[in-house]
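Asks: Just the structure for this:
(one chain, ligands or ions: 2)
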Amino acid sequence: MKDVDYRKIEKAVTMILEAIGENPEREGLIDTPKRVAKMYAEVFEGLNKDPKDYFKTVFNENHDEVVLVKDIPFHSMCEHHLVPFFGHAHVAYIPRDGVVAGLSKLARAVETTAKRPQLQERITSTVADAMMDMLNPIGVYVIIEAEHMCMTMRGIKKPGAKTVTTVARGIYEHDDVKRAEILSLIKMT
Ligand SMILES: Nc1nc2c(ncn2[C@@H]2O[C@H](COP(=O)(O)OP(=O)(O)OP(=O)(O)O)[C@@H](O)[C@H]2O)c(=O)[nH]1
Ligand SMILES: [Zn+2]
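Replies: Ligands and ions are numbered 1, 2, ... in the order given. Sure thing, here's the model as predicted:
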């Protein structure tokens, strides 16, 4: 994967500042192109990573019921407007034959996948599919709730509106009871 071209971002940000009628030379803005380049390198660092890699190391533990990591906070950037969307992900799976992943890896997969120009639906399915491919579990259920700044600070302007996306794989695709179990576990404090 290509490294981030800091110089190109700096030039582009200078052009945007000029285009909106600002003076990129004034004191407050002089370092802004550099700062923005650094920020983009950070918020898009997931482009250089594959969430599947986090599931290369697995453990063997005799656990054949749900594992749920809930309330994982994340930030991403909507690919249509390049403004943030942010919220929480809940990632559940049922291991097959005792193949379990480190708990932090579920959160790492969300984090890495979010750090790209994204759609909420794609984060949800990418995390679910990475786990299906690498762990071959009985099922995976991923739920993401997020607020999109492109619906808050511009356009339709509906602050507080939440988007919820779910992706069910394996047993969760057709087992309403198992899905309901996850929903009730998420509600538990
Ligand atoms: N499905 C989906 N849509 C998103 C996501 N993030 C932003 N959007 C939407 O992307 C759409 C882009 O629509 P366009 O009509 O091309 O752009 P626009 O004129 O800026 O749209 P408005 O936001 O309605 O003003 C908007 O409806 C956004 O709400 C996302 O994660 N998933
Ligand atoms: Zn948007």
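
Asks: Look up how far ligand 1 lies from Val13.
Replies: As judged by Cβ to the nearest ligand atom, to the nearest Å, Val13 and ligand 1 stand 21 Å apart. (C-beta placed from N, C-alpha, C; glycine too.)

Asks: Then His148?
Replies: 5 Å.

Asks: out of everything not next to it in sequence, what's closest to that residue?
Replies: Nearest residue to His148 in three dimensions, chain neighbours excluded: Phe85, at 4.1 Å (Cβ to Cβ, 6 or more residues apart in numbering).

Asks: Beyond the strand or helix carrying Leu106, next helix or strand please.
Replies: Using DSSP states H and E, Leu106 sits within helix 103-114. Downstream of helix 103-114, the first helix or strand assigned by DSSP H and E is strand 117-118.

Asks: mind listing what that next one pairs with, with the direction of each?
Replies: If you go by DSSP bridges, strand 117-118 pairs up with strand 67-78 (parallel).

Asks: average model confidence for the partner strand?
Replies: Strand 67-78 shows a mean pLDDT of 98.

Asks: list the contacts for the residue in the chain that ligand 2 sits nearest to?
Replies: Going by Cβ to the ion, ligand 2 is nearest to Cys150 of the chain, at 2.9 Å. Contacts here follow Cβ atoms under 8 Å, 6 or more residues apart in numbering; on that basis Cys150 touches Cys78, His80, His81, Val83, Phe85.

Asks: circling back: tell me the spacing between the residue nearest to His148 and ligand 1.
Replies: Distance, Phe85 to ligand 1, using Cβ to the nearest ligand atom: 6 Å.

Asks: Could you do Val167 as well?
Replies: 13 Å.

Asks: Tell me the strands beside the host helix or strand of that residue, with direction?
Replies: Assigned by DSSP H and E, Val167 belongs to strand 163-170. Using DSSP bridges, the strands paired with strand 163-170 in its sheet are strand 139-148 (antiparallel).

Asks: Check the contact between Gly102 and Glu61; I expect there is one.
Replies: No. Judged on Cβ atoms under 8 Å, Gly102 makes no contact with Glu61 at a distance of 10.9 Å.

Asks: Determine whether any part of the helix holding Leu106 lies close to ligand 1.
Replies: No. Using Cβ under 6 Å from any ligand atom, no contact is recorded between helix 103-114 and ligand 1, whose separation bottoms out at 10.9 Å.

Asks: If you count contacts, what does that helix end up packed against?
Replies: When contacts are defined as 3 or more Cβ pairs under 8 Å, 6 or more residues apart in numbering; DSSP states H and E, helix 103-114 packs onto strand 67-78, strand 84-94, helix 120-135.

Asks: give me the residue from the chain nearest ligand 1.
Replies: Closest to ligand 1 within the chain is Gly155: 3.2 Å, counting by Cβ to the nearest ligand atom.

Asks: Thanks a lot, catch you later.
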